[in-house]
Every structure is written in C-alpha cells, then in structure tokens.
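Chemist: My questions are about this predicted structure, shown below with the sequence.
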Amino acid sequence: MSLANAKQSQLLCKLARLLSGNLLNSEDKQYIIEILNTPLDDPYRITNTVLAKVLRQEGFDISSRTIDRHKNQECTCYRKVNK
C-alpha cells in the first residue's frame with residue numbers, strides 16, 4: 001500500500017473502508033449500500049442495529065453507532081480535513 005493510499009484509508013470510517021475494500025464482493029457491497037439508502041419510513045427497512053449485528057457475525061468490527069455516524073455524515077469520511 002502506498003503512503004497516499006494509506007493516508008486516504010485513514011480518512012475513511014470503518015464502514016467506508018469495508019465498502020471500498022476488497023473483503024466483500026460487489027453484490028454484498030451493493031446490498032449494504034441499498035440498506036443504508038432505504039428511507040426511514042420504509043416498513044421493510046433493515047435497522048442499523050441489525051445490519052451491524054450481521055456484519056459482526058461475518059467477522060467485521062462494525063457497530064450500529066459506526067453506521068449511525070456514517071449515515072449522519074458525522075464520521076471521519078465527512079470531517080472538514082477530508083474536503
């Protein structure tokens with residue numbers, strides 16, 4: 001990994017690193033993105049807590065709070081230093 005890639009990776013939160021990395025196949029990434037983009041009023045929406053639980057069961061260190069922060073643009077991905 002180059003220094004530039006390492007620095008860019010540090011600017012991403014755990015969820016963004018998971019989605020931009022190669023640990024998931026493209027279908028799984030797309031499915032997670034669809035879950036994240038589901039409107040709150042959708043009765044079939046998968047909650048952040050359930051998504052985090054499934055990701056942890058698959059071996060990924062992602063909490064529901066990590067997902068909350070990313071969805072609310074409060075994670076490291078959206079800090080002013082990254083813009």
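Modeler: Received it, and whenever you're ready, just let me know what you need. Predicted, not measured: the structure shown is a model, and the values here were computed from it.

Chemist: centroid residue for this structure?
Modeler: Leu15 (2.4 Å; CA atoms, centre = their mean).

Chemist: Where does that one fall, secondary structure wise?
Modeler: helix 14-20 (DSSP states H and E).

Chemist: Show me what that helix is packed against.
Modeler: When contacts are defined as 3 or more CB pairs under 8 Å, 6 or more residues apart in numbering; DSSP states H and E, helix 14-20 packs onto helix 26-36, helix 64-71. Where C-beta positions appear, they are placed from N, C-alpha and C, glycine not excepted.

Chemist: hmm, back to that, what sits closest to the residue nearest to the centre of the chain if chain neighbours are left out?
Modeler: His70 (4.6 Å; CB to CB, 6 or more residues apart in numbering).

Chemist: lowest average confidence, helix or strand, in the chain?
Modeler: helix 3-10 (a mean of 49; mean pLDDT, DSSP states H and E).

Chemist: ok so, going back, what average pLDDT does the helix holding Leu15 get?
Modeler: Averaging pLDDT along helix 14-20 yields 95.

Chemist: tell me which residues of it are tucked away?
Modeler: Under the neighbour-count criterion of 16 or more other CB atoms under 10 Å, helix 14-20 has 14-19 buried.

Chemist: mind giving me a markdown table with those residues and columns for distance to Asp61?
Modeler: Putting the buried residues of helix 14-20 into a markdown table (distance: CB to CB, whole Å) gives the following:
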| residue | distance to Asp61 |
| --- | --- |
| Lys14 | 7 |
| Leu15 | 11 |
| Ala16 | 14 |
| Arg17 | 11 |
| Leu18 | 9 |
| Leu19 | 14 |
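
Chemist: Could you find which two of those residues are furthest from each other?
Modeler: Based on CB to CB, the longest span within those runs between Lys14 and Leu19 and measures 9.8 Å.

Chemist: Tabulate the CA atom coordinates of stretch 68-75 in PDB.
Modeler: This file holds the C-alpha atoms of stretch 68-75, laid out as PDB (Å, rounded to 0.1, in the frame of the first residue of the first chain):
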ATOM      1  CA  ASP A  68     -25.300   5.800  12.500                       C
ATOM      2  CA  ARG A  69     -22.300   8.200  12.300                       C
ATOM      3  CA  HIS A  70     -21.700   7.400   8.600                       C
ATOM      4  CA  LYS A  71     -25.300   7.800   7.700                       C
ATOM      5  CA  ASN A  72     -25.500  11.100   9.500                       C
ATOM      6  CA  GLN A  73     -22.200  12.300   7.900                       C
ATOM      7  CA  GLU A  74     -20.600  12.600  11.400                       C
ATOM      8  CA  CYS A  75     -17.800  10.100  10.700                       C
END
